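Trainee: Sequence first, predicted model second:
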Amino acid sequence: MKKHTLLLWAICLTLPLCAQQRGEIKIPNLNGFLTLKCDFHIHTVFSDGTVWPTIRVQEAYREGLDAIAITDHVEAGYRPRRNDVVGSHNRAYEVAVAEAERRDIILIRGAEVSRSMPPGHLNALFLIDADELDKPDYTDALRAAQSQNAFIKWNHPCWDAQQPDTTLWFPEHTALLEQGLIQGIEVVNEGMYCPEAHQWCLDKNLTMFGSDDIHGPLMPFAPGKHRAMTLVFAQSRTQEGIMEALKAGRTAVYFEEYIIGREVFLKELFENAVEITVEKTAANRARITFNNTSDLVFHLRKAPHDPRLTYFRNVTLHPYIIQPQSTQTISVRLNDGIEHGDVNLIIENFLVGVGEGMRYTVKI
């Protein structure tokens, strides 16, 4: 069986057919909003990436994404193939747009303004003309993006190539924030969670983003795995719907088994993913059933609670896990004659703050 699996994997890496099979990641919508799976930080051969723009669309289709933004660098120093791959800063978008329309992927025109720290690298999304950002002064470049009503986010503030020892918010970032030239930050980039960026989003009311910042070919993920992405809670599956949601801060980051975001969105996401039923099985016993209809994983631990309620033990290395597409139960004992109580939980992998899992209560 293992031999056949490896053979199939090898075939998928070499045949276009696999790229044409759309994957699905089942994540519920919120009440009144669609949950769109998005990646807003992608490179192609038109800067320092190594793949043709249409491949980026095919990868997104294969992985079940709704929207991507091609964000090639505008600086010559980040365009090593500029003499071989000739075109304006809009060319990657122009090459990919027909493929995106064919595969029903929302393609957003973007660009990356890349400078040393401060201010670092920033992506401008929803551009009309990326060529207008090719300016010596980064403030002028970002103002050109702002004049096109672009959304601007700070990329990988924890990148050790620019901040090797500490992750700092500089006066330059304050100036950009005050001018509306920073509206969001990458909390996750290329497999790294940045707690400082997470806290800045909460403190400064900035929109949270997650991305793998891909440059090379993106190989098919093993079952249950996925790229880091931004979940956008949008009123419609359109560019306009995505832009409105980004400006309103309605996003979360989906990274490995973590969801990172504001509690109001994460609580609703949990409740729409998991059907919870409570039944008394005896005078002093109850059973809580969790029916997970999503592809998300939930890591549960006990929160402080009435000691007269007894339920699962907290084990240091192994939280109580609700697997994707599964039904699992918790048995609860009500002691000392009580008939009601609160089962208090912490969903450890739903981060509503730095190192802070989301608290949730099931009432008996």
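Mentor: Everything's here; your move.
Trainee: for stretch 84-96, the distance to its chain's centre please.
Mentor: 26 Å (C-alpha atoms, centre = their mean, to the nearest Å).
Trainee: Can we start the residue count at 13 from this point?
Mentor: Taking 13 as the first residue, the last one we looked at is stretch 96-108.
Trainee: Only the buried residues of it, if you could.
Mentor: Residues H101, N102, R103, A104, Y105, V107, A108 are the ones in stretch 96-108 that count as buried (16 or more other C-beta atoms under 10 Å). C-beta coordinates here come from the backbone N, C-alpha and C atoms, glycine included.
Trainee: same deal with stretch 297-306?
Mentor: A298, I300, F302, N304, S306.
Trainee: Next step: these restricted to strands.
Mentor: Counting by DSSP state E, the members of the buried residues of stretch 297-306 that fall within strands are A298, I300, F302, N304.
Trainee: Could you dump these into TSV and include distance to P65?
Mentor: What follows is those, written out as TSV (distance: C-beta to C-beta, whole Å):
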residue	distance to P65
A298	56
I300	49
F302	42
N304	37
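Trainee: which among those residues gets closest to E268?
Mentor: N304 (17.2 Å; C-beta to C-beta).
Trainee: Now render the buried residues of stretch 297-306 as CSV, adding pLDDT.
Mentor: Shown next, in CSV, are these (pLDDT from 0 to 100):
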residue, pLDDT
A298, 96
I300, 97
F302, 97
N304, 98
S306, 98
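Trainee: For G228, state which of the residues you listed is nearest.
Mentor: Looking across these and measuring by C-beta to C-beta, the closest to G228 is S306, at 30.0 Å.
Trainee: Please name the residues that touch the residue nearest to the closest one when sequence neighbours are not counted.
Mentor: Among residues not flanking S306 along the chain, A285 sits closest, at 3.8 Å (C-beta to C-beta, 6 or more residues apart in numbering). Contact analysis of A285 by C-beta atoms under 8 Å, 6 or more residues apart in numbering lists I39, P40, N304, T305, S306, L308, F310.
Trainee: How about the secondary structure of the first one?
Mentor: To tie it back to what came earlier, the one meant is I39. Following DSSP: H, G, I helix; E, B strand; the rest coil, we place I39 in the coil state.
Trainee: Domain boundaries for this protein, per the record?
Mentor: 33-268, 281-375 (automatic domain parsing).
Trainee: I'd like those laid out as a markdown table, including distance to R274.
Mentor: Listed next are the domains of the chain as a markdown table, based on distance: least, C-beta to C-beta, whole Å:
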| stretch | distance to R274 |
| --- | --- |
| domain 33-268 | 7 |
| domain 281-375 | 7 |
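Trainee: Of those domains, flag the one that's most buried.
Mentor: Comparing the domains of the chain by mean neighbour count (mean count of other C-beta atoms under 10 Å), domain 33-268 comes out on top with a mean of 19.
Trainee: start to end distance for that one?
Mentor: 22 Å (C-alpha to C-alpha, to the nearest Å).
Trainee: likewise stretch 339-354?
Mentor: End to end - C-alpha to C-alpha - stretch 339-354 spans 21 Å.
Trainee: and it, what's its mean pLDDT?
Mentor: What stretch 339-354 shows for mean pLDDT is 94.
Trainee: what comes into contact with that stretch?
Mentor: 295-304, 317-318, 320-324, 332, 334, 355, 373-376.
Trainee: what's the most distant pair in the ones in strands among the buried residues of stretch 297-306?
Mentor: The farthest-apart pair in those, when distances are taken by C-beta to C-beta, is A298 and N304, at 19.6 Å.
Trainee: can you list the weak-confidence ranges in the stretch 213-362 of the chain?
Mentor: 328-329 (pLDDT under 70).
Trainee: which residues of it fall in helices?
Mentor: 251-260, 275-285 (DSSP state H, counting those that start in this stretch).
Trainee: For L134, which of the ones you listed is the nearest?
Mentor: The nearest among the helices of the stretch 213-362 of the chain, by C-beta to C-beta, is helix 251-260 at 14.3 Å.
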